[in-house]
Each structure stands twice: as C-alpha cells, then as structure tokens.
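K.L.:
Output the structure for:
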Amino acid sequence: PTISGTGIAGALVKLYRHNDSSLVLGSDTVDPDDNTWEITLEQPLRMADPFTMTASQSVNDIPSDWADLVSVAVLFKLVISEITVSADGRPTVRGTGVFEDATVAIRFQGGGETHLTATVEPNGDWRAIASEPWPPGTYTITAKQIGKVTEQSSDWADHKEFTVSAKPPKPVISALPELV
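P.N.:
Residues are numbered from 1 along each chain as shown. The predicted model follows:
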C-alpha cells in the first residue's frame, strides 16, 4: 500500500508503526512544489485491527514531534477451504486465515447482498451455516472479513463454486400384496 501526507518542503519523512521507532516502514522527501510526500511501504505489515502508524520529519537532521496517529485495518484475504451441503440443501462454508473476532461476509459472485455471515474463532477458523435450505442450483461465492474495531474489510476471497442438489421426490408405494 501507499501512504501519503504533507510536510515541510524538502524534509525527510519516515513512517513507523506506533510504539516501534526501530522499524521504518518507509521514507520519502517532501515535494517542494506541493508539500506532499508518498511512501510505498518497504516492510510487509502484520495483520491487525487496528494497525496504528505515525511519522516524523527531519529538516537539517532535526526531527519533528510525532505525527498524529492513524489507524487502519490490515486484514489479509481469507481462504474458503470447504463447502458442504446438507441433505436438505443448507450450505456450510468453512475457511481459514483471518483475524480473531472479525466478521466474515459471504456473497454471490458479482456482488449483491450478504447471504451468510460468521465470526472468526481465536484460531483463525470460521464456519457459516445457512439457516434455511437454498434452492437447487450451482452457486459461486466469495467472502471477505470485516474488522471488529475499524469495520474496514479485506479483499474478496477467490471464488468457490458448489452445487445444491434437488432433494429427490418421496417414493410411491404402488402395490400392496394381499395379506391372508
């Protein structure tokens, strides 16, 4: 990601994770024409909700005070690992790789409303179970996680396709033997 801001023309801006001044996330020199800076992060961010950053700028090697804190959600794209369908047509969607207490929102490919939700467990796994049977057909779904604190969301997961089969009709008893 790219983070931007403003500063004193010609100053060197360094971006840090809050409370960790030993790790510079990136740096840039403030543009003298419009007093802006733009930093493409040099370090991968750890997943957090929130991930809090700050910055300082130096002019003639004299550092400024810390910038006001800025918080964002760093939520990785989740993985839909398994889809099963009960005999009565209710899908259960399972996945991994998400942040504890985040909400997982599952929808059909192409957008629209959320059809299933789940809350992420402490180990990062989640499971969403449909409360009602879905009509027979082939479905393609995707999912994202939404942070509990910031309510920001991750990218959408890779799409998964599954089929809800029609429930077979009940059998018919056509003839009864004569009972003596």
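
K.L.:
Can you point out the buried residues in the host helix or strand of R107?
P.N.:
In this structure, R107 sits in strand 103-108 according to DSSP states H and E. Neighbour-count burial for strand 103-108, counted by 16 or more other C-beta atoms under 10 Å, picks out 103-107. C-beta: built from backbone N, CA, C; applies to glycine.

K.L.:
Tell me, how many residues neighbour D88?
P.N.:
The number of residues packed near D88 is 11, by other C-beta atoms under 10 Å.

K.L.:
Quick check: it vs A48, distance?
P.N.:
The gap separating D88 from A48 is 40 Å, by C-beta to C-beta, to the nearest Å.

K.L.:
quick one: strands adjacent to whatever helix or strand W37 lives in?
P.N.:
Applying DSSP H and E as the criterion places W37 in strand 36-40. The pairing partners recorded for strand 36-40 under DSSP bridges are strand 2-6 (antiparallel).

K.L.:
and the next element down the chain from the strand it pairs with?
P.N.:
Downstream of strand 2-6, the next assigned helix or strand under DSSP H and E is strand 12-17.

K.L.:
And the contacts of that next one?
P.N.:
Defining contact as C-beta atoms under 8 Å, 6 or more residues apart in numbering, one finds that strand 12-17 is touched by 3, 5, 7, 23-30, 37, 39, 41, 51-58.
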